[in-house]
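# Have a look; sequence and predicted model below, questions after that.
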Amino acid sequence: MRWFTDRVELDARPGGKGTLVFEHMANIAALVVETVDPPHRFTFRWGHPDGEVPVPGNSVLVEFTLTAEGDERTRLRVAETGLDAIGWPDDDKARYADEHRDGWANFLGRLVDLFASPVG
């Protein structure tokens, strides 16, 4: 199954709030933007309890970094950190890591399809 978001709502400024809506999973993921440094870095926090401000210890930090590799290539790195500090049971942390590893692989695969250009 290919995962996708049905809708993204985002105030793309530090402190800005947003949501990723996954209607096929009946899930809305709330997030708060932490860093906006175009065109190199964008970070947000999510996974925090409802009604709480996401901070280290109650949320996961998602970081996107772009690095030029020559004139025609850019490397995108996506990392989620902070899961170990969250007070969830180990089984929940393992499930989160497995689901997100698969989810990011699907999302990043779609980016390759969208942005890859034929060589030559």
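Structure received.
# In stretch 61-69, which residues are buried?
By neighbour count on 16 or more other Cβ atoms under 10 Å, the buried set for stretch 61-69 is L61, V62. Where you see a C-beta, it was placed from the backbone N, CA and C, and this is true even at glycine.
# again but with stretch 99-117, I slipped
H100.
# And the longest strand along the chain, what does it pack against?
When the chain is parsed with DSSP state E, its longest strand is strand 27-37. For strand 27-37, the packing partners by 3 or more Cβ pairs under 8 Å, 6 or more residues apart in numbering; DSSP states H and E come out as strand 17-22, strand 41-46, strand 60-68.
# at 7 Å instead, please
strand 17-22, strand 41-46 (3 or more Cβ pairs under 7 Å, 6 or more residues apart in numbering; DSSP states H and E).
# Lowest average pLDDT across those?
When mean pLDDT is averaged over each of these, strand 17-22 scores lowest at a mean of 85.
# Checking R13 next. Helix, strand or coil?
Per DSSP: H, G, I helix; E, B strand; the rest coil, the local secondary structure of R13 is coil.
# right, and it touches V33 too?
Yes - R13 sits in contact with V33 when judged by Cβ atoms under 7 Å, with a separation of 6.3 Å.
# Appreciated, that's everything.
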